[in-house]
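Engineer: give me coordinates for this.
(one chain, ligands or ions: 1)
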Amino acid sequence: MDKFRIKGGKALRGTVAISGAKNSALPAMAAALLTAEPVALHNVPKVRDLITMAKLLACMSATVSVTDLPSSDYVIEAKTLNHAVAPYELVKTMRASILTLGPAVARAGVAHVSLPGGCAIGARPVDLHLKALEQMGAEIATEHGYIEARARRGRLKGAHIVFERITVTGTENILMAATLAEGETILENAAREPEVTDLVALLRKMGAQIEGDGTSTLRIRGVEKLHGAEHTVIPDRIEAGTFLVAGAITGGDLTIKNCAPEHLGAVIAKLEQAGVPMETVNKTTLRVRGAKKLVGSYMTTEEFPGFATDMQAQYMALATQAEGTSAITETIFENRYLHASEMVRMGANISVDGRKAVVRGPARLSGTTVQASDLRASAGLVLAGLVASGETIIERVYHIDRGYEGIVEKLRAVGADIERVHAPSEYAA
Ligand code: EPU
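Structural biologist: Below is the predicted model:
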């Protein structure tokens, strides 16, 4: 398993280009199952989760071709979709595989998707996805670890769905299913994340009739057929936020280009509150500099437009360097503080009590060997490593490879002392 070796203490300076959003590219790829015509996607980041999604779509009989330069372009063509099965071998490595369920049952009338198992950051059930599909006339059965969704009389029907809680992939799944359902579907308490809005933009290009994007009520009038389309995925707001924190805590001066500042409002506000000088250079570029003094504050994770849970670990890394007390509340996932104990091993003063974490700073972090537990926790540990004295080794970085394109290369290009160590498997002969 690969590791990262970081020698901390370098101020990061220069320009970083942000890649396409993983969490936008995932539903966009799944949406290609809704039509027999090719869907071309640009700005798809080169990360493991999208390779997994490509394999999954291939398993479900779609043809996926990838051209490599300048950034990944995917063309997905699902000419036929008769027996759509998403197998456990792929689903177990990526929970977002559930995104194939809605489009597959809407198009083929029946779909089998393995039930995603547990997850390091929380139980993450898919009950709200299934309940909504049932409301649309699907019969749901779970047997031998697989969800079988079957549309009565072969086609889903429009329904009025009120989500009990906001779910991002749940909204995306049902939105996709509704585009081919008979009649009108109304989704209330829908997620308003930019990735949902980006999916609406793609679906509309494919011929879907949707109103209300960007709000918590989506209205979809089902059509008989969708057609092919071409779409450019939005920039990854979490990657951009991670680099903003990197510039801020290393006392550097980073220009973050190809990003969407309008998706980063809550992150920018929190960084400014912590004393970080920020500047919106233009519609796609931000500049961040190191604070003279970072100050602790409170932060609560929320659905968009609130502060994203996917930036919580990175904010915690920043809080270790801030003067005073930072109080963090995680409201989205029940177990998303696994990075805290690793940061404590590096010298941070953090106490966790359920969904609340209190960080007292500034702490002098010192390098040691730490374990990455999930994608965003890994990003938090990389940031901590960038300010720690001496050498930090981060193990299990396959987590970070799931969602950050070329993070080592991007950090090195702006002056970080970081390298990937290719470790041979302990079990290799
Ligand atoms: N939930 C349920 N039942 C459901 C669905 C969700 O109880 O049927 C709960 C979840 O357990 C969680 C909350 O609702 O407590 C919100 O979960 P949500 O469904 O919104 O999360 P998700 O759609 O599975 C997406 C992102 C995550 C991101 C969350 C929250 C993708 C592919 N994943 O997950 O991204 O943290 O929304 O914003 O879009 C990541 O990129 O590292 C990542 C984990």
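Engineer: helix or strand next in line after the lowest-mean-pLDDT helix or strand in the chain, which one?
Structural biologist: The helix or strand of the chain with the poorest confidence is strand 63-67; it has a mean of 79 (mean pLDDT, DSSP states H and E). Per DSSP states H and E, the first helix or strand lying C-terminal to strand 63-67 is strand 72-77.
Engineer: gap between that following strand and the chain center?
Structural biologist: Centroid displacement of strand 72-77 relative to its chain, using CA atoms, centre = their mean, to the nearest Å, is 19 Å.
Engineer: from the chain's centre, how far out does stretch 188-202 sit?
Structural biologist: 14 Å.
Engineer: touching that stretch from outside, list them.
Structural biologist: 21, 23-24, 27-28, 31, 39, 160-168, 170-172, 175-176, 208, 210, 212-218, 229, 231, 233-234, 237, 260, 263, 303-305 (CB atoms under 8 Å, 6 or more residues apart in numbering). All C-beta spots, glycine's among them, are computed from the backbone N, C-alpha and C.
Engineer: related to what we said a few turns ago, parallel or antiparallel, which strands does the least confident helix or strand of the chain pair with?
Structural biologist: Sheet pairing here is set by DSSP bridges, and for strand 63-67 it gives strand 72-77 (antiparallel).
Engineer: residues touching the strand it pairs with, excluding its own?
Structural biologist: Contacts for strand 72-77 (CB under 8 Å, 6+ apart): 20, 25, 29, 32, 36-46, 50, 54, 57, 62-67, 228.
Engineer: can you map out the helices along the stretch 51-200 of the chain?
Structural biologist: 88-91, 101-108, 127-135, 168-179, 194-205 (DSSP state H, counting those that start in this stretch).
Engineer: who wins for proximity to residue 6 among those?
Structural biologist: Minimum separation from residue 6 across those (CB to CB) falls at helix 194-205, 29.5 Å.
Engineer: next, the buried residues of that closest one.
Structural biologist: 194, 195, 196, 197, 198, 199, 200, 201, 202, 203, 204 (16 or more other CB atoms under 10 Å).
Engineer: average pLDDT across it?
Structural biologist: Across helix 194-205, the average pLDDT comes to 98.
Engineer: after it, next one along is what?
Structural biologist: strand 209-211.
Engineer: report all helices and strands that that following strand contacts.
Structural biologist: helix 168-179, helix 194-205, strand 217-221 (3 or more CB pairs under 8 Å, 6 or more residues apart in numbering; DSSP states H and E).
Engineer: could you rerun that using 7 Å?
Structural biologist: helix 194-205, strand 217-221 (3 or more CB pairs under 7 Å, 6 or more residues apart in numbering; DSSP states H and E).
Engineer: one step back: buried subset of the contacts of strand 72-77 as a ChimeraX selection?
Structural biologist: In ChimeraX, this line selects whichever of the contacts of strand 72-77 come out buried by 16+ other CB under 10 Å:
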select :20,25,29,32,37,38,39,40,41,42,43,44,45,50,54,57,62,64,228
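Engineer: narrow the contacts of strand 72-77 to those in strands?
Structural biologist: 39, 40, 41, 42, 43, 44, 63, 64, 65, 66, 67 (DSSP state E).
Engineer: the residue nearest to the second one when sequence neighbours are not counted sits in which helix or strand?
Structural biologist: It stands for residue 40. Nearest residue to residue 40 in three dimensions, chain neighbours excluded: residue 230, at 4.4 Å (CB to CB, 6 or more residues apart in numbering). Using DSSP H and E, residue 230 sits in strand 229-232.
Engineer: tell me the helix or strand right after that strand.
Structural biologist: By DSSP H and E, the next helix or strand past strand 229-232 is helix 237-249.
Engineer: and the following helix or strand past that next one, which strands flank it?
Structural biologist: Moving toward the C-terminus from helix 237-249, the next helix or strand (DSSP H and E) is strand 253-257. Next to strand 253-257 in the sheet, as set by DSSP bridges, lie strand 13-17 (parallel), strand 285-289 (antiparallel).
Engineer: show residues contacting the following helix or strand past the last one.
Structural biologist: If I follow you right, that is strand 285-289. Downstream of strand 285-289, the first helix or strand assigned by DSSP H and E is strand 298-300. Strand 298-300 is contacted from outside by 270, 307, 315, 326, 327, 328, 329, 331, using CB atoms under 7 Å, 6 or more residues apart in numbering.
Engineer: among the residues you listed, which two are most distant?
Structural biologist: The span of the contacts of strand 298-300, defined through CB to CB, is set by 326 and 331 at 16.1 Å.
Engineer: show me which of the two is the more surrounded one.
Structural biologist: A count of neighbours by other CB atoms under 10 Å puts residue 326 above the other of residue 326 and residue 331, at 26 against 15.
Engineer: could you tell me whether the more buried one really is in a strand?
Structural biologist: Yes: judged by DSSP: H, G, I helix; E, B strand; the rest coil, residue 326 forms part of a strand.
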